[in-house]
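Asker: Sequence first, then the predicted structure, then my questions.
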Amino acid sequence: RAHVLESLSNITRIVFDKTGTLTLGQLRVKRCIPTQRQFDEQQSMALAAALEKNASHPIASAFLVDATQFFSAIDIRQYTAEGVEGQIDKQLYRLGSVEFVCKIFPRTIPLSFSASVPEGNLQWVLLGSEGGPIAWFGLSDSVRSGIKPLLSYCTAESINSELLSGDASSAVAALAEDLGIQDFQAGAKPADKLARIHGLQASGERILMVGDGINDAPVLAGADVSIAMGAATDLAQTRADAVLLNNNLSAIAQLRSIALKTGKIIRQNVAWALCYNALALPLAALGMVPPWAAAIGMSASSLVVTLNALRLNR
């Protein structure tokens, strides 16, 4: 969008989503911990694969295994930033955040179960049914290239950085610590993210939001300027002001440098045009400049402005 170069010059904070933005979004199951004897790891994976068969969110890729010969799910529904549910053998199953899955548990399941997330710097999701919890899945992801150069640039330019993730796990804190991001929030739903952005803006900050998922669409639209990853969902890309086609986050530092240089050259050209016209117009009005000299002078002035703007190509 047209305002991107101007808005980037004024940002005071850059806010990142986690999965698919700071990380590649290529999740893999590193650990599977069954919670019931009648379900082993293979059966638990098969149930999860049946629920995630046609899902579009990044977590689904971790369960793309050929396990549909064991289970087949129907009436599948996706809940943004929460998880997925479906019917398997006439019973309701859910896979996703602890709070989301616990809502279908019998009342006999202790409420304290929601706080019993396994330890480890993994992104934990829970599989459960109307009968209770079935298995924990610990997911891992790789950090995207270019993030550390971008964060170093932000530090040098006195731009604050923040991690705002919908993942409710210790993986968020671990990633923030690894990258040196002091401000972070886990388990943030779309409304929470938007409220955080509006709160920062109310305090006078100008926000650059970088995200990729459907749940990032509201906050991408609400930020002062926003960038969606090249592999982002269509909804995220249409709500963002720019799209990072090469998925390399260090390009954002490059873009802001170009934005600052663009603003500087625009100010130079405006100053030149004002000074030139302030000098040339009175002389021309008094008849002190012949028409042929005025024509050469105007052409020369336009040429100076054009050549100065071409320095942006360097």
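Answerer: Done, it's in.

Asker: so who does the residue nearest in space to the middle of the chain touch?
Answerer: Residue closest to the mean C-alpha point of the chain, counted by Cα atoms, centre = their mean, is residue 211 at 1.4 Å. Residues near residue 211 by Cβ atoms under 8 Å, 6 or more residues apart in numbering: 16, 17, 21, 219, 220, 226, 228, 229, 232, 236, 240. C-beta: built from backbone N, CA, C; applies to glycine.

Asker: From these, pick the one nearest residue 140.
Answerer: Using Cβ to Cβ, residue 21 is the member of these that sits closest to residue 140, with 16.1 Å.

Asker: list the contacts for that closest one?
Answerer: 144, 210, 211, 212, 229.

Asker: Strands - which of the contacts of residue 211 land there?
Answerer: Those of those mapping onto strands are 16, 226, 228, 229, per DSSP state E.

Asker: Now the element after the helix or strand where residue 29 lies, going C-ward?
Answerer: Using DSSP states H and E, the element containing residue 29 is strand 28-34. Remark: after strand 28-34, the chain's next helix or strand is helix 41-51, criterion DSSP H and E.

Asker: Give me the buried positions along stretch 195-205.
Answerer: 196, 197, 200 (16 or more other Cβ atoms under 10 Å).

Asker: quick one: the strands in the stretch 101-250 of the chain?
Answerer: Using DSSP state E, counting those that start in this stretch, the strands assigned to the stretch 101-250 of the chain run over residues 123-129, 132-140, 160-164, 183-185, 207-211, 225-229, 242-244.

Asker: Wait, residue 187 touches residue 168, no?
Answerer: Yes. Residue 187 is within contact range of residue 168, at 3.4 Å (criterion: Cβ atoms under 8 Å).

Asker: between those two, what contacts are shared?
Answerer: Common neighbours of residue 187 and residue 168 (Cβ under 8 Å, 6+ apart) are residue 97.

Asker: sorry, back to before: if we take the ones in strands among the contacts of residue 211, which one ends up nearest to residue 175?
Answerer: Distances from residue 175 to these, taken by Cβ to Cβ, are shortest for residue 16, at 9.7 Å.

Asker: Any idea what the closest one is bridged to?
Answerer: Going by DSSP bridges, residue 16 is paired in beta bridges with residue 163, residue 210.

Asker: Run a quick neighbour tally on it.
Answerer: 25 (other Cβ atoms under 10 Å).

Asker: and it, what pLDDT?
Answerer: Looking at residue 16, its pLDDT is 96.

Asker: now swap in residue 141 and tell me
Answerer: Reported pLDDT for residue 141: 90.

Asker: Show me which of the contacts of residue 211 has the smallest pLDDT value.
Answerer: Lowest confidence among the contacts of residue 211: residue 232, with 84.

Asker: Who are the contact partners of that residue?
Answerer: 20, 211, 212, 213, 216, 240, 243.

Asker: if I look at the fifth one, how far off is residue 253?
Answerer: If I follow you right, that is residue 216. 21 Å (Cβ to Cβ, to the nearest Å).

Asker: Looking only at neighbour counts, state which of those two leads.
Answerer: When residue 216 and residue 253 are compared for neighbours, residue 216 comes out ahead with 31 against 20, by other Cβ under 10 Å.

Asker: Please tell me how far the helix or strand bottoming out on mean pLDDT in the chain is from the chain's geometric centre.
Answerer: Scoring the helices and strands of the chain by mean pLDDT, DSSP states H and E places helix 98-102 at the bottom, with a mean of 87. Centroid displacement of helix 98-102 relative to its chain, using Cα atoms, centre = their mean, to the nearest Å, is 24 Å.

Asker: Can you give me the buried ones in it?
Answerer: Neighbour-count burial for helix 98-102 [16+ other Cβ under 10 Å]: 98, 100, 101, 102.
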